[in-house]
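Engineer: sequence plus predicted model, see below.
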There are 2 protein chains.
Amino acid sequence: MSAATLTTEIPTLCLDLATRARTASRGMAAVLRAAKDRWILASAKALESRASEILEANAKDVAAAPGYGLNTAAIDRLTLTSARIQQMAEGLRQVASLPDPVGEVREGSVRPNGLQVLKVGAPLGVVFFIYESRPNVTVDAAALCVKSGNAVILRGGKEAIHSNTAIHRILADEVATAGLPVDAVQLVPMTDREAVGHLLKLGHLIDLAIPRGGESLIRRVAREATMPVLKHFDGICHVYVDAAADLEMAERIVVNAKTQRPGVCNAAECLLVHEDVADRFLPQVGAALAAKRVEIRGCSRTRNLIPTTKSASEADYRTEFLDLILAVKVVPSLEAAIDHINTHGSKHTDAIVTASLSAAQRFTLTVDAAAVMVNASTRFNDGFELGLGAEIGISTDKFHARGPCGLRELTTYKWVVTGEGHIRG
Amino acid sequence: MSAATLTTEIPTLCLDLATRARTASRGMAAVLRAAKDRWILASAKALESRASEILEANAKDVAAAPGYGLNTAAIDRLTLTSARIQQMAEGLRQVASLPDPVGEVREGSVRPNGLQVLKVGAPLGVVFFIYESRPNVTVDAAALCVKSGNAVILRGGKEAIHSNTAIHRILADEVATAGLPVDAVQLVPMTDREAVGHLLKLGHLIDLAIPRGGESLIRRVAREATMPVLKHFDGICHVYVDAAADLEMAERIVVNAKTQRPGVCNAAECLLVHEDVADRFLPQVGAALAAKRVEIRGCSRTRNLIPTTKSASEADYRTEFLDLILAVKVVPSLEAAIDHINTHGSKHTDAIVTASLSAAQRFTLTVDAAAVMVNASTRFNDGFELGLGAEIGISTDKFHARGPCGLRELTTYKWVVTGEGHIRG
C-alpha cells in the first residue's frame, strides 16, 4: 500500500486503526481463556494448513531483500521454510498452554472493617508492537498480546511486508471464528515510516509501545512515544570470578556466557577476576577462550598473564560487543568488582562465581541489575529459562517490568473491593 | 538561596545534587531495615524536640504567603502547629512499623534443571519528589522513599521553603547518626522554577519523578521528564445503582461518596441509575443530596424525577467537580452504565451497588479502572484503606503501579538466580 498511500491519509488511517483497537480492547477484557486459547490453537492449525500462502508471500520478500540492502544473515532471518512455519505453530501451542494472567488474584485480604480487597490481573488495553525483519515475531507477539487480554497493533518492517500480511490474514481469519473482537489483532498496512510516528502520538488510545529491534529503533520510539515504552537496550553483562571461586566451574561459566551465543543480549562482555586467583585463573581461561577464538582485551595484569591479550580501552569496558570479544580486568576485591559493574554495566545480567555465601549475598544485594546470577551463566536470563513460559522481550527498565517480560508483564492489575454497604466515616 | 543563585550555576548544582543522590542510592540498597527504622524513629523524636525551630521557620512562610497570592485555605494548609508536628511524628512511627519491601521474595521456584529462581524486591534508586505547599509532605515523602531503599531529592514549593528547610535539616541531621549514606535525603535548595527542569533532564541519574500537586504541575513534569513519572491525574469517579440494588444502601453510598470529602480524587462525580429503579431511587437520593446541599446536574429523566435538577451538559459528565456538584444520568442497562464509565471516566475509581452476583462480576471484569468497588463507597480507594499502610500518591497510570502507591510501589525487583555451575546447552 505504501506507494499508493497519500501522505495526508496516513494520520486518518492511524487514528482509525487505534480507535478500532481501543474498541476491541474493551471487548477483550471480558474474553474467557477458552476463547483465547481456541483462537491460538486454530491459528496454529491454520498456519500449517495454509503454509503455502505464507511461503509464496515470503518468496516475494526474499526476492526484494537485496534491494533493501539486507546482508546474508538478515536474509536468512527473513526466510521462512516449512520447518520454520512448523516452529511458529508449536510456539503458539506453547502459549495456549500457559496460564491466563487476566483474573489472576495477586493479593487478597479482608480489612478490619470487613471490606474484601483483591488485587487482580487485568489487561493493559492496546499494545503497539514495532519490530524488524523476522516474520515469526508477528505470530509470537499476536499470541502473547491476545493471551494477556490486549488488543494488538502489529507493525513489522517493510522488508517482511508480504510475509507479515499473509501471516496476519491467517491469524485474523481465525479471530472472528473464535469469538474474539474483530479488531483484536491488526497489522499496520502502511509501510511508510511516518505511520509509526503518528501512532506513537495516540497515547490516549494506545497503552503501551514495544519496540523490538536495533538501538536506533528503540531510541526513536522512546523519544516520540506519548505512551509508556517497554525498552530493551544493551546487555553489557559481567562475570566476576571471586577469590573463593571454584576455578573449573568459573571457566565453564565464562566460556558458556561468552561463546554459547555471542550475538545475544545476555552473553557476557566483560570478565572481572579477583587478584588472589588471577595468576591461576587467567592463563587457564585464556587458553579455553583462545580455543573458542575469543579475542581478549585486558588490563595490564591480564596482559602479563595472557600474552595474546590486546590492551583494553576505557570504552571496551562499556561496549556490548555481541561478538567473540571479551574485556577482562583484574580487581582487588569484591567491592571493586561490584563498583565496576554498577558503574560500567547496563543493569542487564551480571554473574558471580564463588563458593562464599557472604560474597554471593553481598553481590546479589548490591549489584543493580535485572538479573544477578550466582554460579550460573548469564545466558539464563531468559523468559523461558526463568519460568515465565515465553517472552515478548527483556526490559532494561526498572519501572513496571524488569528483565524478561512474559504474559503477566503484558498486564496491569485492578483493585476489586467488595463491601456490604461500606461507607467511610 | 534563590536570589543569590546565578542562573549559570543552576545546572551545575542540579547535576551535583543528582550525582550525590545516585552515589547514596548505591549505599541505600544494602542498608538494613533496622538502620532505616532507626533513622525514621529518631527523626520522629527530633521533630518533636526541635518543634520550635520548625514553627519559627514556618512563621516566616506564613508571613510571606499573602505576597505569593495564597488564599485562606492554602495558608491554612501551609500553617504548622504543635499538633500538626505531632501528627508528622506519628506518621513517621507508622512508616517505621511497616514491612521492608526490599529483599521481599515475591516469587520463587526451582527450575527443572535445578536453578533456584527468586524474584526479589529492590529499590528503584533515586526518586525525585516535587510537591506544592504542604510542608508535612517533606516528612512523608522522605520516610517512604528511604524505607523503600531509595535516595530521595525533595523539591517543595517556594511558599514553604523556610519550613521545608527547617524540617529537612532535622531529618538530615539524623541521617548520619543512623548510619545511612549521607546524601540519602536531599532538599533542592534553589527555589528557581528552572531547577526542576534541569533535574528532569537527568534521567541517567534519577530513576523516578513523582509530582504531587495540581494538574499543571503533573503535566509539566510528564512533558519534561526523561525518567518515568508516577502520575496522578483526575478522579472522575462513578457510582452505578443497578436494577438489583438495595436502594437504602445505594443512598448511603452515593451520599458518602459525594459528600464525605468532596474535594478529593476518590469522591464521586457522577451517578448512573438503572431505569428500572430510577422512579423510586432518584426522588429518594435527590432529597438526601439536597439535605447536604449538593447541586444536581442531570439528564431529562433525572430532571423529571428531581425537580431542582439543572440540565447536564456533555462536559458535566467529563468533569472532576471536586465540589458539592453531582452529574446524574438514567441508563437503560448495566452494559450502558459500563460503556458510559469506560467512555467518560478517568479510570480511577468506580462503584456498583447491586445484590446481583452476575452484575457485580460483569462490572468488576469490564470497568477499566484502578479500583472497582462493589457495594462500597468510592472513598475507599486509598492506600491505608486497602491495606498498603501509607501512600505516596494514587497512580492513574496502568504501567508499573495502579491506584494507591505505598512502599512496594516505590520499588522494583531483581531476579536472583543460583546454580551450581549451570551453563546453557
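Structural biologist: Perfect, thanks for sending it.

Engineer: domain boundaries for chain A, per the record?
Structural biologist: Domain assignment for chain A by automatic domain parsing gives A:2-230+A:406-416, A:237-380.

Engineer: residues from the stretch 251-400 of chain A in reach of chain B?
Structural biologist: Proximity of the stretch 251-400 of chain A to chain B, by Cβ under 8 Å from any Cβ of the partner chain, involves residues A:252-253, A:255-257, A:260, A:342, A:360, A:362, A:364-366, A:368-377, A:379-381, A:385-387, A:397-400. In this view, the C-beta of every residue, glycine as well, is placed from N, C-alpha and C.

Engineer: isn't A:A96 up against A:A34?
Structural biologist: No - using Cβ atoms under 8 Å, A:A96 makes no contact with A:A34, being 10.5 Å away.

Engineer: wait, what's in contact with the closest residue to A:E132 other than its chain neighbours?
Structural biologist: Nearest residue to A:E132, sequence neighbours excluded (Cβ to Cβ, 6 or more residues apart in numbering or on different chains): A:G213, at 3.8 Å. Each residue near A:G213 by Cβ atoms under 8 Å, 6 or more residues apart in numbering or on different chains is listed here: A:I130, A:Y131, A:E132, A:G157.

Engineer: which stretch of helix or strand covers the first one?
Structural biologist: Which is A:I130. strand A:126-131 (DSSP states H and E).

Engineer: likewise for A:P211?
Structural biologist: Element membership of A:P211, judged by DSSP H and E, is strand A:208-212.

Engineer: by contact count, what packs against that strand?
Structural biologist: strand A:126-131, helix A:136-147, helix A:215-224 (3 or more Cβ pairs under 8 Å, 6 or more residues apart in numbering or on different chains; DSSP states H and E).

Engineer: make a markdown table out of the contacts of A:G213 and add distance to A:R106.
Structural biologist: As requested, the contacts of A:G213 are exported to a markdown table (distance: Cβ to Cβ, whole Å):
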| residue | distance to A:R106 |
| --- | --- |
| A:I130 | 29 |
| A:Y131 | 29 |
| A:E132 | 34 |
| A:G157 | 36 |
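
Engineer: ok, so of those, who is nearest chain B?
Structural biologist: A:I130 (17.2 Å; Cβ to the nearest Cβ).

Engineer: look up which residues are beta-bridged to the closest one.
Structural biologist: A:R155, A:P211 (DSSP bridges).

Engineer: my read is that it contacts A:A195, right?
Structural biologist: No - assessed by Cβ under 8 Å, A:I130 is found out of contact with A:A195, at 10.1 Å.

Engineer: just want to know which of the two has more residues nearby.
Structural biologist: A:I130 (25 against 20; other Cβ atoms under 10 Å in any protein chain shown).

Engineer: report the contact partners of that one.
Structural biologist: If you count contacts by Cβ under 8 Å, 6+ apart, A:I130 has them with A:R155, A:V196, A:A209, A:I210, A:P211, A:R212, A:G213, A:L217, A:V221.

Engineer: same thing with A:H340?
Structural biologist: Contact partners of A:H340, counting by Cβ under 8 Å, 6+ apart, are A:H238, A:L272, A:Y317, A:K329, A:V331.

Engineer: angle of the helix or strand in which A:K119 is found against helix A:136-147?
Structural biologist: For A:K119, the host element (DSSP H and E) is strand A:116-123. Comparing the axes of strand A:116-123 and helix A:136-147 via axes from the mean of the first three to the mean of the last three Cα atoms, to 10 degrees yields an angle of 150 degrees.

Engineer: strand A:116-123 and chain B, are they touching?
Structural biologist: Yes - Strand A:116-123 is in contact with chain B by Cβ under 8 Å from any Cβ, via A:V117, A:V120, A:A122.

Engineer: okay, now the second one: neighbour count?
Structural biologist: I take that to be A:V120. 19.

Engineer: could you double-check that it lies in contact with A:E104?
Structural biologist: Yes - counting by Cβ under 8 Å, A:V120 sits close enough to A:E104 to count as a contact (7.0 Å).

Engineer: now the strands for the stretch 51-200 of chain A?
Structural biologist: Under the criterion DSSP state E, counting those that start in this stretch, the stretch 51-200 of chain A carries strands at the ranges A:105-110, A:116-123, A:126-131, A:151-155, A:185-187.

Engineer: now tell me what touches the second one from outside.
Structural biologist: Contact partners of strand A:116-123, identified using Cβ under 8 Å, 6+ apart, comprise A:25, A:28-29, A:101-111, A:148-150, A:408, A:410-419, B:364, B:368, B:386-387.

Engineer: make it 6 Å
Structural biologist: A:29, A:101-102, A:104-111, A:149-150, A:411-418, B:386-387 (Cβ atoms under 6 Å, 6 or more residues apart in numbering or on different chains).

Engineer: please pick the buried ones from those.
Structural biologist: Buried members of the contacts of strand A:116-123, counted by 16 or more other Cβ atoms under 10 Å in any protein chain shown: A:29, A:101-102, A:111, A:149-150, A:411-418, B:386-387.

Engineer: and those residues, which two are the farthest apart?
Structural biologist: A:R111 and A:N150 (31.0 Å; Cβ to Cβ).

Engineer: need the per-residue pLDDT for A:S2.
Structural biologist: Predicted confidence (pLDDT) at A:S2: the value is 46.

Engineer: I misspoke; the intended subject was A:A74.
Structural biologist: Confidence score, pLDDT, at A:A74: 88.

Engineer: what helix or strand does A:K329 sit in?
Structural biologist: Using DSSP H and E, A:K329 falls in strand A:325-331.

Engineer: other SSEs contacting that strand?
Structural biologist: Secondary-structure packing of strand A:325-331 (3 or more Cβ pairs under 6 Å, 6 or more residues apart in numbering or on different chains; DSSP states H and E): strand A:268-274, strand A:295-298.

Engineer: and these as a markdown table, adding distance to A:A143, mean neighbour count and mean pLDDT?
Structural biologist: Output for the helices and strands packed on strand A:325-331, formatted as a markdown table (distance: least, Cβ to Cβ, whole Å; neighbours: other Cβ atoms under 10 Å in any protein chain shown; pLDDT from 0 to 100):
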| stretch | distance to A:A143 | mean neighbour count | mean pLDDT |
| --- | --- | --- | --- |
| strand A:268-274 | 31 | 27 | 98 |
| strand A:295-298 | 40 | 21 | 98 |
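
Engineer: so which of these comes closest to B:R301?
Structural biologist: Using Cβ to Cβ, these put strand A:268-274 closest to B:R301, at 67.9 Å.

Engineer: what is the next helix or strand along the chain from the closest one packed up against?
Structural biologist: Counting by DSSP H and E, the next helix or strand C-terminal to strand A:268-274 is helix A:275-291. When contacts are defined as 3+ Cβ pairs under 6 Å, 6+ apart, helix A:275-291 sits against helix A:247-259.

Engineer: got the buried residues for the top helix by length along chain A?
Structural biologist: For chain A, the helix that runs over the most residues, judged by DSSP state H, is helix A:10-28. For helix A:10-28, the buried set under the neighbour-count rule, 16+ other Cβ under 10 Å, comprises A:10-11, A:13-14, A:17-18, A:20-28.

Engineer: same check, this time on stretch A:168-178
Structural biologist: Buried residues in stretch A:168-178 (16+ other Cβ under 10 Å): A:H168, A:I170, A:L171, A:A172, A:E174, A:V175, A:A178.

Engineer: my guess is the third one contacts A:S43. True?
Structural biologist: Yes - in terms of Cβ atoms under 6 Å, A:L171 counts as a neighbour of A:S43; the distance is 5.2 Å.
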